[in-house]
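A.B. asks: coordinates only, sequence not included:
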Ligand SMILES: Cc1ncc(C[n+]2csc(CCOP(=O)(O)OP(=O)(O)O)c2C)c(N)n1
Ligand SMILES: Cc1ncc(C[n+]2csc(CCOP(=O)(O)OP(=O)(O)O)c2C)c(N)n1
Ligand SMILES: [Mg+2]
Ligand SMILES: [Mg+2]
């Protein structure tokens, strides 16, 4: 402050904070920043210590922060979430890593009946600022239980916030904002996107880390690409597919707007409805089975709020009503570029 | 057979099989019939033996079938479902009672990753004909966790069938058909309707207890009351409310068709869409929170398949995005007659 | 009943026998030595108040003023004996039947009935009383308690060097709860983290209708062995013994020596709740047998024999319980349901679009009736 | 490492020491007495085949032919020792690493790779082999195993009066799994139902990167005490001892005497899976120390000392493993992905509207590409 003449010009300063990162690297950096900021932020999970997690998202953190802050827990997901709730009652913000989506279910009871409801049950006296990180969704050729899209199973329950980044920038910002939020947040990491790279401005989020701003930001959708004919809504792993579809469609003369939802609870209905009203045609794309998925809620809400603007039914492209199939089938099970384009074509026939 | 001249006329015989029963009594009678029919049908649960269950649905069965067939289990829901899966692998059909809806969550992992997927995982070699009975939904002035509507949390998962009777007749028939079905069935009993009475023909179902017929029947919706202006879709506890609304509306000149869904997985989309196309106006009523509830899927499907027949948006009347509130609030939390009528009015404005 | 089964009374620590006579036990005596007649009178008073309040709540439920009541009749020694061993820096995680323990944590008993009247899901301020909310999902809180204990340790409240400042957690649950995965995971986490926590199992011999033999084939205390956790089995109707073993266990935990499991062997003299009917699954003879072991009577006999329960004291307690009963009735009946819109409060700590839009809709919806009304 | 910790080798049953010398143990001797040189050669052969197959699968994964491989390197004695104690009426519930046990159940090893190639989630016919499918959700199968055992009992297959016809269940899981609620609930259900089941814990000292000390502070065998279940701790790299204790345990269970827990103390010589890198969390020295205790080498030394491993036998086994390797490679590479529509098969046993309509849609959707193609 005193040494003002040595300050570099603002633009350079901002530029210097931009780094190229993978999404995994961005989450790692975000965790590190949050832990440096607040000594009461802890990491808990299976194999997150010396190993750095099976996806290496916590790589190096055990070395730098020690086993007390990066805790390898017993192999028991209910135990992890349950003890983290107890620690939250003494002011610790635990960031839990569930090793794979398919292994969150032993903790379902703790999340649904305890974590989600404690604030309500206590009449607002207790807050549980927990973050549950879940590498989720498929596309990596894995064995059973390693490719599940679990968001709809939690979105129905009040008390939880659920978000999912689609870019390294969002991953970096949103993990820190999830930690800053006083509500429990499920942070769904599209594991197939872990190694995608992007520019990350590591400075921008700093001023948006108070509880209110952080919570608001992680609940907001973003128009990832503007367009006029069709709105394609995606989040997490399917945003990339949606953008690709927009590219291809534009070559065929159809202007696709891509909305990256970012948040599944709450849904940013104003942003979605605004786009739907403008285009009159909506396709929702997620990996989860369409039946009773997040796309159903979106279709219902868009129907309720933009009924007379719609030119075509809201279509959903997603997984099928089967268990996530064996790896050799997943390419065809998942909402592919072709299937998204097919849906875009179908809504364009009206 | 030899003594034909002593046979009463057919009509009397059928009449003699009609009895007035409560829904709880009908389920009890249905369980008894299934157990008499097949010695490999077992009941498992907490306090279902001498006590007869906290709702007395298994009353008398322990006395008549003994502790080996009506088993009081340890207090561990995951353990109950998990061991029942193992017993199913040796041909036993366990009918599990989960004491209250809110206590199913410790078993969520067993249901979602094991029970639902075993048939698929084994390439069809293993079938698990289990029934999970759950007294569900609210309206009885209970404390926390005793009034939950859990259907949407299971409907998203392939491999499970989910049904809910709204009348004693359906309760009697469907519990036996659920037991006869080779797939795992979640049988959701609207606990507030346990003591409602109705006529039950105890003979009719007998010829519909082979696997295919039973499975098809429990997956089918029923038009509970025909109408022409608005379709109100309900299931389980809300069917009565929907019928009351139809009564009131008819007094005001609006003809309401009530579809009793009966099945949540599968949804009987043909029946629903047929009605929606005819009336052009749909209201879905369930106790579960509307957000990401079964109504969302119905709205989405109706949108997809009857888009150009709809005169108004599909409206949903249900619980709010809060935990199920304390008992003194539930009357206003639940979809009341007034709220259903309000929705009927709203769709009628178009 | 096999001798080593979960319903045997083998290996129970006892310092007061059924007739109210002090039993000599050099191992446990030191932890009861501080129990002066004053302290015992206090225990008797708290047990008596607990029972009177319990009876009042039961009758309010019968009158339709409460939706449900969960009686702790017969478990007063287990609760007051252990609750009086809890100190300021400690933290208590009850299940849902620990009204006696609540009393020792200065919870205003009538206030606790908001939950049972259906006005809210919690009731008291857990932090102010170091007494967590009741948890109805069996066993779920055992993990919260373990995490809380791990955090106390982290905060330097254990083995701090000044024993008076050290704290620990005590977590209550029932015999039935021991079958839950969560409770066993709590034992795992507590053990490997050497957490300062006392697991206090009230084996009241029933999980609703199921006898403890449906949960275990060995005494429940033994569960701790599997996790390398020390354990004590105590006569749960002997308030002196319960107090002594809890003293020891809490000191052990506060001193950084890790978790302890206590099984207090007692009897649920009432039905499971006011919705239950115990006559369907147990005999009058069994109930009668346990009435003979009434924990309050037992302490009374002891104090009487010592000449330490003067009539004035009894009269004062009687007056106190009467006043509490009256205040309970009046308080409960005075409660109005809060405004409907409060139903949307505290779902989240920060605003959530879905809740906000539903709240707004509901407000408009309610208003519409008022408006209609005003036009009529 | 504390002497009584979960990684101590205290109290291990051993019948063959690290140098391959027979250890006298009058208690366990009777259960190994039937192990003729022929039987030991068979064990050596099965262990050798298991290891060779494991190496082949690892290399197929490295070549991209398999999505994943889960090696059982180092655990061959634990698996073959126990697997050879299983008889016709018994039923096995593996976790996901029991390829050696699979071999003893006549599973065609190459066939098991459909799962690891991503062609299906199961692989073999569990009923035909009395060997359940692999379960990837840790501990979940322990409850299925317990229920299955309860049903065997119900079916009169236990303590039937003709011991040859009696059966029991053996259920495998790892050290990490012991922390899961499900596994502890399995112990509860098995115990109160006196189910004919042997819980076989392969303590290979790691749950991925976490040493067993993160799961327990006492030897894992001790877990059984908490549930009133008898237990044995055995040197898991000693195929003779493992066989003997499993013999005993299965006989105990088949005779209606209830569950048993065995902890086989062994070492996972490879990384957790082909996706893992063990060098990140353990030392070469540790690995080397355990290489000295190689279970196959140990038996070989023993047989060599007895002069019971003639060159022809070794050569035959070498030829057998080579042939198996070749067949494995060829089989795996020959597999085509089944038709896409099979993805919709076996979701339900009876038709389900949602699946049927999606299958039909997908069929039309696929056809549309073919149609487009034919028009092009
Ligand atoms: C997870 C779960 N399952 C079932 C219930 C229903 N339930 C309430 S109390 C109870 C029995 C509890 O027995 P125990 O643990 O011995 O405690 P007690 O009531 O005897 O104090 C049961 C089964 C519940 N509350 N939570
Ligand atoms: C419920 C669940 N949580 C996490 C995982 C991920 N995971 C797979 S194997 C494993 C370690 C298992 O260790 P252990 O039980 O010792 O068996 P081992 O692999 O050593 O044979 C973990 C954490 C899982 N499969 N299931
Ligand atoms: Mg009890
Ligand atoms: Mg292991």
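C.D. replies: Done, it's in. Everything numeric in this text was worked out from a predicted model, so none of it was measured. Ligands and ions are numbered 1, 2, ... in the order given.
A.B. asks: roughly how far apart are the residue nearest to the spatial centre of chain A and residue A:155?
C.D. replies: Centroid-nearest residue in chain A, with C-alpha atoms, centre = their mean: residue A:164, separated by 0.6 Å. Noted for residue A:164: a distance of 11 Å to residue A:155, by C-beta to C-beta, to the nearest Å. Where you see a C-beta, it was placed from the backbone N, CA and C, and this is true even at glycine.
A.B. asks: any common contacting residues for those two?
C.D. replies: Shared contacts of residue A:164 and residue A:155, defined by C-beta atoms under 8 Å, 6 or more residues apart in numbering or on different chains, comprise residue A:264.
A.B. asks: Please list the residues of the stretch 251-350 of chain A that sit near chain D.
C.D. replies: Within the stretch 251-350 of chain A, the positions near chain D by C-beta under 8 Å from any C-beta of the partner chain are A:291, A:320-323, A:325-329, A:332-333, A:339, A:342.
A.B. asks: do the same with the stretch 101-250 of chain C
C.D. replies: C:178-182, C:184-185, C:188, C:191-192, C:194, C:213-218, C:222-228.
A.B. asks: out of those, who's near ligand 4?
C.D. replies: Counting by C-beta under 5 Å from the ion, the subset of those that neighbours ligand 4 is empty.
A.B. asks: what about the helices in chain C?
C.D. replies: If DSSP state H is used as the criterion, the helices of chain C fall at C:37-62, C:76-83, C:99-104, C:113-116, C:126-129, C:140-154, C:181-192, C:239-254, C:284-291, C:295-306, C:311-334, C:353-375.
A.B. asks: my bad, chain A
C.D. replies: A:10-16, A:23-37, A:61-65, A:77-88, A:108-109, A:118-121, A:151-155, A:168-180, A:211-217, A:238-251, A:269-279, A:294-306, A:327-333, A:337-348.
A.B. asks: Check the gap between residue A:266 and ligand 3 for me.
C.D. replies: Using C-beta to the ion, to the nearest Å, residue A:266 is found at 41 Å from ligand 3.
A.B. asks: Do you know the pLDDT at that residue?
C.D. replies: Per-residue pLDDT puts residue A:266 at 98.
A.B. asks: go on, the one 10 residues further on?
C.D. replies: For residue A:276, the model assigns a pLDDT of 98.
A.B. asks: With residue A:135 instead?
C.D. replies: Model confidence at residue A:135 (pLDDT) stands at 98.
A.B. asks: do the same with residue C:10
C.D. replies: So residue C:10 comes in at 87 (pLDDT).
A.B. asks: Turn the helices of chain C into a markdown table, including mean neighbour count and mean pLDDT.
C.D. replies: Converted to a markdown table, the helices of chain C look like this (neighbours: other C-beta atoms under 10 Å in any protein chain shown; pLDDT from 0 to 100):
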| stretch | mean neighbour count | mean pLDDT |
| --- | --- | --- |
| helix C:37-62 | 20 | 98 |
| helix C:76-83 | 31 | 98 |
| helix C:99-104 | 25 | 98 |
| helix C:113-116 | 24 | 98 |
| helix C:126-129 | 16 | 98 |
| helix C:140-154 | 28 | 98 |
| helix C:181-192 | 29 | 98 |
| helix C:239-254 | 26 | 98 |
| helix C:284-291 | 12 | 96 |
| helix C:295-306 | 19 | 98 |
| helix C:311-334 | 14 | 98 |
| helix C:353-375 | 13 | 87 |
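A.B. asks: Rebuild those as CSV, extending it with distance to chain B.
C.D. replies: Below are the helices of chain C laid out as CSV (distance: least, C-beta to the nearest C-beta, whole Å):
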stretch, distance to chain B
helix C:37-62, 12
helix C:76-83, 19
helix C:99-104, 15
helix C:113-116, 7
helix C:126-129, 15
helix C:140-154, 9
helix C:181-192, 6
helix C:239-254, 24
helix C:284-291, 13
helix C:295-306, 25
helix C:311-334, 13
helix C:353-375, 4
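A.B. asks: if we can go back for a sec, relative to residue A:132, how far out is the residue nearest to the centre of chain A?
C.D. replies: Residue A:164 sits 12 Å away from residue A:132, going by C-beta to C-beta.
A.B. asks: try residue C:184
C.D. replies: According to C-beta to C-beta, residue C:184 stands 22 Å off from residue A:132.
A.B. asks: now swap in residue A:223 and tell me
C.D. replies: Counting by C-beta to C-beta, the gap from residue A:223 to residue A:132 is 28 Å.
A.B. asks: And these two? Which one has more around it.
C.D. replies: More crowded of residue A:223 and residue A:132, by other C-beta atoms under 10 Å in any protein chain shown: residue A:132, with 28 against 14.
A.B. asks: ok, for residue A:301, nearest residue in space, not its chain neighbours?
C.D. replies: Leaving aside its sequence neighbours, residue A:301 sits nearest to residue A:269 (C-beta to C-beta, 6 or more residues apart in numbering or on different chains; 5.5 Å).
A.B. asks: Partner strands of the top strand by length along chain A, with direction?
C.D. replies: Criterion DSSP state E: the longest strand present in chain A is strand A:282-289. The strands beside strand A:282-289 in its sheet (DSSP bridges) come out as strand A:230-234 (parallel), strand A:315-319 (parallel).
A.B. asks: possible to save these as TSV with distance to ligand 3?
C.D. replies: Formatted as TSV, the strands paired with strand A:282-289 follow (distance: least, C-beta to the ion, whole Å):
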stretch	distance to ligand 3
strand A:230-234	50
strand A:315-319	44
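A.B. asks: Return the most buried member of these.
C.D. replies: Each of the strands paired with strand A:282-289 was scored by mean neighbour count; the highest is strand A:230-234, a mean of 29, by mean count of other C-beta atoms under 10 Å in any protein chain shown.
A.B. asks: Helix A:269-279 and that strand, what's the angle between them?
C.D. replies: With axes from the mean of the first three to the mean of the last three C-alpha atoms, to 10 degrees defining the directions, strand A:230-234 sits at 150 degrees from helix A:269-279.
A.B. asks: for strand A:230-234, what is the average pLDDT?
C.D. replies: Across strand A:230-234, pLDDT averages out at 98.
A.B. asks: What lies in contact with it?
C.D. replies: A:166, A:241-242, A:245-246, A:249, A:254-261, A:272, A:275-276, A:278-279, A:281-286, A:295, A:298, A:340, A:344, A:347-348.
A.B. asks: just how off-centre is it within its chain?
C.D. replies: Counting by C-alpha atoms, centre = their mean, to the nearest Å, strand A:230-234 is centred 17 Å from the centre of its parent chain.
A.B. asks: repeat for stretch C:309-318
C.D. replies: Here stretch C:309-318 shows a centroid-to-chain-centroid distance of 26 Å under the convention C-alpha atoms, centre = their mean.
A.B. asks: neighbouring contacts of it?
C.D. replies: With C-beta under 8 Å, 6+ apart as the test, stretch C:309-318 has contacts from C:41, C:44, C:45, C:48, C:49, C:300, C:303.
A.B. asks: I'd like those laid out as JSON lines, including distance to residue A:93.
C.D. replies: As requested, these are exported to JSON lines (distance: C-beta to C-beta, whole Å):
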{"residue": "C:41", "distance to residue A:93": "46"}
{"residue": "C:44", "distance to residue A:93": "45"}
{"residue": "C:45", "distance to residue A:93": "43"}
{"residue": "C:48", "distance to residue A:93": "44"}
{"residue": "C:49", "distance to residue A:93": "40"}
{"residue": "C:300", "distance to residue A:93": "50"}
{"residue": "C:303", "distance to residue A:93": "50"}
